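# model this:
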Amino acid sequence: QVQLVESGGGLVQPGGSLSLSCAASGSILNIYHMGWYRQAPGKQRELVAHINRDERGSTNYRDSVKGRFTISRDNAKNTVYLQMNSLKPEDTAVYYCNANHVDSKGREYDYWGQGTRVTVSS
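Sure thing, here's the model as predicted:
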């Protein structure tokens, strides 16, 4: 069982920055693909950023956050980060960390954190 604990959310003014952290229980970042998702009130959960488990740690982002958000990981600390700059009111949501892995037998392992709230408002 993998546990994920997010932190770093809060209230920030438009144009400001926040850094989210996701601490994983155990050394999983070279096994699981990691992602940050968000869910705004009345909307579906959506993928914000994703980082592969491979050595390069290749990343991808949803279009609306490209150039503003950066996902990264520190395998030694078992932690994934989401640096959010130039925040906009439409970034307001609960942000969730996700860990996903499919083993050689096709069994999928999918874990979620409890979420951290980000509010962008003046």
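
# the spatially most central residue of the chain is in what secondary structure piece?
Centroid-nearest residue in the chain, with CA atoms, centre = their mean: Trp36, separated by 2.2 Å. Assessed by DSSP states H and E, Trp36 sits inside strand 33-39.

# ok, residues contacting that strand?
Here strand 33-39 makes contact (CB atoms under 8 Å, 6 or more residues apart in numbering) with 20, 22, 45-53, 71, 73, 80, 82, 91, 93-101, 115, 118. Every residue, glycine included, has its C-beta placed from N, CA and C.

# on that earlier part again, so what's the residue nearest to the centre of the chain bridging to?
When assigned by DSSP bridges, Trp36 has beta-bridge partners Ala49, Cys97.

# against the centre of the protein, work out the most remote residue.
Lys105 (26.6 Å).

# ok, that one to Ala24 distance?
23 Å (CB to CB, to the nearest Å).

# where do the strands sit along this protein?
4-7, 10-12, 18-24, 33-39, 46-51, 59-61, 69-74, 79-84, 93-102, 108-112, 116-120 (DSSP state E).

# now render the ones you listed as TSV, adding mean pLDDT.
Below are the strands of the chain laid out as TSV (pLDDT from 0 to 100):
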stretch	mean pLDDT
strand 4-7	96
strand 10-12	98
strand 18-24	97
strand 33-39	97
strand 46-51	98
strand 59-61	97
strand 69-74	96
strand 79-84	98
strand 93-102	96
strand 108-112	94
strand 116-120	98
